[in-house]
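Chemist: got a structure for you, letters missing:
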């Protein structure tokens, strides 16, 4: 059975550098009728568990460790037995939210996470956060970009642990090289495609997001 992608929007707060903002997050569920993985367990473990239903949840993959993307991960893992995956470079951010609980496993560039007919290849794309990753499945024609690339440009780089030239390099070298029809499923807001965003790279650089 071919994997399918489901979107759940959860709401909560993002907190960093002494500021707090209300945010809506995209939680992506990838799998079939029997098995699934969750990309970014944001805010509401109960709502995510309901969306997964009676499927076996094998993994919770964190695109990065800002609190609004990982705050429900331990509770969801405790309920389901799923493995929490994070890139090691984001451990300092993770520990701000979960000082007493480490992720279960470390993501590495080029690694493939299998999920019920999906093969999610890890692309290390630092910039928004040091350990930010995107997950690309050529079979689905989809890349999950977390907060690295949105409809309209790069993710924010004005706060701790972020760096604008680095995110531009990540987008240029790792994302805009994907087929133009690749669907870009983001951490917040609307989806887009690689082809829709690629022509605007020079604008983003000049704007210096």
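Modeler: Happy to help now that I have it. Predicted model, so just to flag it, every value in this text is computed and none were measured.
Chemist: Can you name the residues in contact with stretch 6-20?
Modeler: 21-30, 42-44, 47-48, 51, 66-68, 71-72, 96, 159-160, 185 (Cβ atoms under 8 Å, 6 or more residues apart in numbering). All C-beta atoms are positioned from the backbone trio N, CA, C, and that covers glycine.
Chemist: now for the helix or strand of the chain with the lowest mean pLDDT, which elements pack on it?
Modeler: Within the chain, no helix or strand scores below strand 112-115, which has a mean of 93 by mean pLDDT, DSSP states H and E. If contacts are counted by 3 or more Cβ pairs under 8 Å, 6 or more residues apart in numbering; DSSP states H and E, strand 112-115 sits against strand 35-39, strand 56-61, strand 118-124.
Chemist: follow-up on the earlier one: just the buried residues of the contacts of stretch 6-20.
Modeler: 23, 25-30, 42-44, 47-48, 51, 66-68, 71-72, 185 (16 or more other Cβ atoms under 10 Å).
Chemist: So which of those residues belong to strands?
Modeler: Among the buried ones among the contacts of stretch 6-20, the ones falling in strands (DSSP state E) are 23, 25-30, 185.
Chemist: residue boundaries of the helices in the protein?
Modeler: 45-52, 67-70, 73-80, 91-97, 164-170, 194-197, 201-207 (DSSP state H).
Chemist: list the buried ones in the last one?
Modeler: Of the residues in helix 201-207, those with enough neighbours to count as buried (16+ other Cβ under 10 Å) are residue 204.
Chemist: now it: mean pLDDT?
Modeler: The pLDDT scores in helix 201-207 average 95.
Chemist: What sits closest to residue 204 if chain neighbours are left out?
Modeler: Nearest residue to residue 204 in three dimensions, chain neighbours excluded: residue 153, at 5.0 Å (Cβ to Cβ, 6 or more residues apart in numbering).
Chemist: The one you found - how many residues pack around it?
Modeler: Using other Cβ atoms under 10 Å, residue 153 has 16 neighbouring residues.
Chemist: Show the pLDDT at it.
Modeler: 97.
Chemist: okay but it is in contact with residue 202, surely?
Modeler: No - using Cβ atoms under 8 Å as the test, residue 153 is too far from residue 202 to be in contact (11.7 Å).
Chemist: Could you list everything residue 115 pairs with in the sheet?
Modeler: residue 118 (DSSP bridges).
Chemist: 37 is where my numbering starts, stick with that
Modeler: Fine by me, first position is 37 from now on; the one you just mentioned is residue 151.
Chemist: from the chain's centre, how far out does stretch 207-221 sit?
Modeler: 15 Å (Cα atoms, centre = their mean, to the nearest Å).
Chemist: what does stretch 216-228 give?
Modeler: For stretch 216-228 - counting by Cα atoms, centre = their mean - the centre lies 11 Å from the chain centre.
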